[in-house]
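*Asks:* Build the 3D model from these lines:
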Amino acid sequence: VCGQSEATDILQAYAAQRTARCIGLVGSCATGKTSAALAFMNDCGATEGYPGISYKNGSDFTGSDAKGEAKRTYDWLSCCPLFAECRDNQHVHGLIIEECSKMAHDAVEFFKSALEVCLPPRAIVIVTSNDVSRFQDDDIGRAFLDRFEWTRMDDTEEFREAALRRARRIWQHVLTKPHG
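*Replies:* Here you go, the predicted structure:
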């Protein structure tokens, strides 16, 4: 993640704490929100699969079973004593929902309630979105937003310059790499 020093500083501080929390990353397209979420989970020690990271898209929570899918996903955050990692409490259960603004109202309502009162220990939920304004339209949407600690990741001058520097380093490496 380049050029997002404020956001990465905040995420690194959270990762050092390794406590249950809900984080929201919002900002322009292609500014590193998903990369930051994955890097954060890695810094917390979460890996792909159970009991590590579950990666979803907001569109996974649409249709007639949106609330059911939200519940099944939320249940995944809970520990299972059959896994050594859960028994030893040496892990993080991470849920990343990219483009949360695509979720159906039933799923938003379920997560609003579930995340308010019973976030499992060592569970971390990160949602990303380019725009969360649709949640401002009703009480349930606003309450859903309130469950998260929000961090902006925008297309700033710092971001553009850092992305350009990184792209130049990559191209320099590609151009100087022996081919054959």
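
*Asks:* what's the next secondary structure element after the least confident helix or strand in the chain by mean pLDDT?
*Replies:* Ranking every helix and strand in the chain by mean pLDDT, DSSP states H and E puts helix 84-87 at the bottom, with a mean of 59. Using DSSP states H and E, the next helix or strand after helix 84-87 towards the C-terminus is strand 93-98.

*Asks:* can I have that next one written out in PDB, keeping just the CAs?
*Replies:* Taking only C-alpha atoms (Å, rounded to 0.1, in the frame of the first residue of the first chain), the coordinates of strand 93-98 have been written out as PDB:
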ATOM      1  CA  HIS A  93     -10.700 -14.500  12.500                       C
ATOM      2  CA  GLY A  94     -10.900 -11.900   9.800                       C
ATOM      3  CA  LEU A  95     -13.800 -11.000   7.600                       C
ATOM      4  CA  ILE A  96     -13.200  -8.600   4.600                       C
ATOM      5  CA  ILE A  97     -16.300  -7.400   2.800                       C
ATOM      6  CA  GLU A  98     -15.300  -5.500  -0.300                       C
END
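
*Asks:* Just give me the longest helix of the chain.
*Replies:* helix 157-176 (DSSP state H).

*Asks:* For that one, could you pull out the residues that count as buried?
*Replies:* Along helix 157-176, these residues count as buried under the neighbour rule (16 or more other Cβ atoms under 10 Å): Phe159, Ala162, Ala163. No exception for glycine: its C-beta is placed from N, CA and C like everyone else's.

*Asks:* Equivalent analysis for stretch 132-152, please.
*Replies:* Of the residues in stretch 132-152, Val132, Phe135, Ile140, Gly141, Ala143, Phe144, Leu145, Arg147, Phe148, Thr151 count as buried by neighbour count, 16+ other Cβ under 10 Å.

*Asks:* quick one: Ala114 and Val127, what's the gap?
*Replies:* Noted for Ala114: a distance of 13 Å to Val127, by Cβ to Cβ, to the nearest Å.

*Asks:* nope, Ala16 is what I meant
*Replies:* Between Ala16 and Val127 the distance is 21 Å, computed by Cβ to Cβ.

*Asks:* These two: who's more crowded?
*Replies:* When Ala16 and Val127 are compared on other Cβ atoms under 10 Å, the one with more neighbours turns out to be Val127, at 29 against 10.

*Asks:* how far away is that one from Thr176?
*Replies:* As defined by Cβ to Cβ, Val127 lies at a distance of 40 Å from Thr176.

*Asks:* name the element the residue most central in space within the chain belongs to?
*Replies:* Averaging the C-alpha coordinates of the chain gives a centre point, and the residue nearest to it by Cα atoms, centre = their mean is Ile126 (2.8 Å). Secondary structure here is read from DSSP H and E; on that basis Ile126 sits in strand 123-129.

*Asks:* just Leu38 next, same as before
*Replies:* Following DSSP H and E, the helix or strand that holds Leu38 is helix 33-43.
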